[in-house]
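Peer 1: model this:
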Amino acid sequence: MWAQASYDTIPTTVAAAEMSPHVHRLIVTNRTGADLYVNVRQADGTLLRPPTAAEAIHAERARPLPVAEADGWLARQQDVVLQFVATDQVTATTHEGLAIAITDARTIIPMSSSAGGQRLLDAQAIQSGLSQVLQWAHEGPHLQRPVLLVPDSVLHTRLLRPGGQTDPRPTELRTELGRRAALNPTVRTAEDAIRTSAQTLAELRRGGLTPNNQIDVTGQTAAARDAAAQITPAAPSHATRSPAQASFSKPLKPSPPPRGSGPPPGPGTPPPGPQIGRGPKGL
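Peer 2: Have a look, this model is predicted:
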């Protein structure tokens with residue numbers, strides 16, 4: 001769980017950097033690039049203000065999201081998980097980051113428009129489906145799929161196979177079809193997207209194709225694929241700074257990139273740890 005460990009140690013690392021005499025300026029920003037905290041080491045070696053960069057990070061992480069931002073986070077999270085599954089990019093490394101995003105959803109949902117009543121139950125059901133498809137993709141699509149991940153058409157085919165041979169689990173399959181028929185449109189649409197992603201991966205693996213020669217057949221819109229690309233912010237540049245940025249008096253040895261840095265994922269080159277916007281773990 002290096003991604004989680006890296007995330008957890010950011011405040012301590014930033015606090016140490018702020019106290020180093022080699023650091024002349026330290027800036028903490030949020031995901032939009034807005035400065036949350038700036039401290040400067042003056043000519044006499046003292047800091048312009050008391051060193052509280054770590055506290056600024058903790059405060060931003062604890063800040064509740066506005067409803068619209070929480071809803072957007074959940075929508076992007078769903079798109080990203082399904083895109084990684086459908087393109088066979090759930091690896092040992094990316095699985096960790098995607099699983100963290102599903103865990104983070106438990107914190108985000110109460111901040112969203114799905115905070116109570118039936119909508120809360122719907123949001124929790126969707127996350128359960130995402131967790132199942134992610135785990136199945138991680139363990140290996142050659143394994144039998146949970147019934148939740150099997151398309152309706154396949155269930156109907158299994159109920160009556162050629163020659164009159166029926167599936168040995170007819171009761172389970174009929175029960176699942178009945179459950180789906182009773183779902184409200186929100187959950188049904190989300191579950192159908194989950195099943196489409198799982199089916200795409202199954203067909204990709206069965207055909208021996210790879211993301212490099214397989215077209216995108218997940219059925220997602222261009223906007224959804226753009227949202228998936230936002231899973232990792234662009235690498236810091238002159239115009240884009242990382243959430244905690246310090247300037248040093250002399251070069252330091254390169255260190256592993258913080259969680260959430262690096263280029264957007266490309267086919268066949270999944271990022272080391274997905275990050276979806278600024279949630280409770282936004283810095």
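Peer 1: where exactly do the helices run in the chain?
Peer 2: Secondary structure of the chain, counting by DSSP state H: helices at 2-19, 53-62, 67-86, 92-108, 117-139, 152-159, 170-181, 185-206, 222-229.
Peer 1: would you list these in CSV and tack on distance to Asp35, mean neighbour count and mean pLDDT?
Peer 2: For every residue, glycine as well, the C-beta is placed using N, CA and C. Output for the helices of the chain, formatted as CSV (distance: least, CB to CB, whole Å; neighbours: other CB atoms under 10 Å; pLDDT from 0 to 100):
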stretch, distance to Asp35, mean neighbour count, mean pLDDT
helix 2-19, 14, 16, 89
helix 53-62, 10, 17, 94
helix 67-86, 19, 22, 95
helix 92-108, 24, 19, 93
helix 117-139, 33, 18, 95
helix 152-159, 51, 14, 88
helix 170-181, 49, 13, 92
helix 185-206, 37, 18, 93
helix 222-229, 26, 16, 39
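Peer 1: quick check: which of those helices is nearest to Ala43?
Peer 2: Closest to Ala43 of these, according to CB to CB: helix 2-19, at 17.4 Å.
Peer 1: closest to Ile27 out of the helices of the chain?
Peer 2: When the helices of the chain are ranked by proximity to Ile27 (CB to CB), helix 53-62 comes first, at 8.8 Å.
Peer 1: that closest one - contacts with which helices or strands?
Peer 2: Under the contact definition 3 or more CB pairs under 8 Å, 6 or more residues apart in numbering; DSSP states H and E, helix 53-62 sits against helix 2-19, strand 23-29, strand 35-40.
Peer 1: re the thing from before, Throw the helices of the chain into a markdown table and include distance to Arg41, thanks.
Peer 2: Shown next, in a markdown table, are the helices of the chain (distance: least, CB to CB, whole Å):
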| stretch | distance to Arg41 |
| --- | --- |
| helix 2-19 | 9 |
| helix 53-62 | 12 |
| helix 67-86 | 34 |
| helix 92-108 | 34 |
| helix 117-139 | 45 |
| helix 152-159 | 64 |
| helix 170-181 | 62 |
| helix 185-206 | 50 |
| helix 222-229 | 37 |
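Peer 1: mind checking which of those helices is nearest Val28?
Peer 2: Closest approach to Val28 among these (CB to CB): helix 53-62, 5.0 Å.
Peer 1: quick revisit: out of the helices and strands packed on helix 53-62, which is closest to Ala123?
Peer 2: Among the helices and strands packed on helix 53-62, helix 2-19 comes nearest to Ala123, with 23.1 Å by CB to CB.
Peer 1: and that closest one with helix 53-62, angle?
Peer 2: Compare the direction of helix 2-19 with that of helix 53-62 by axes from the mean of the first three to the mean of the last three CA atoms, to 10 degrees and you get 140 degrees.
Peer 1: send the alpha carbons of helix 2-19 over as PDB?
Peer 2: Coordinates of the C-alpha atoms in helix 2-19 are reproduced here as PDB (Å, rounded to 0.1, in the frame of the first residue of the first chain):
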ATOM      1  CA  TRP A   2       2.700   2.500  -0.900                       C
ATOM      2  CA  ALA A   3       0.200   5.000  -2.400                       C
ATOM      3  CA  GLN A   4      -1.600   5.200   0.900                       C
ATOM      4  CA  ALA A   5       1.600   5.300   2.900                       C
ATOM      5  CA  SER A   6       2.900   8.100   0.700                       C
ATOM      6  CA  TYR A   7      -0.400  10.000   1.100                       C
ATOM      7  CA  ASP A   8      -0.300   9.600   4.900                       C
ATOM      8  CA  THR A   9       3.300  10.900   5.200                       C
ATOM      9  CA  ILE A  10       2.800  14.100   3.100                       C
ATOM     10  CA  PRO A  11       2.100  16.400   6.100                       C
ATOM     11  CA  THR A  12       5.100  15.100   8.000                       C
ATOM     12  CA  THR A  13       7.300  15.500   4.900                       C
ATOM     13  CA  VAL A  14       6.100  19.000   4.300                       C
ATOM     14  CA  ALA A  15       6.600  20.000   7.900                       C
ATOM     15  CA  ALA A  16      10.200  18.700   7.700                       C
ATOM     16  CA  ALA A  17      10.800  20.600   4.500                       C
ATOM     17  CA  GLU A  18       9.400  23.800   6.000                       C
ATOM     18  CA  MET A  19      11.900  23.600   8.900                       C
END
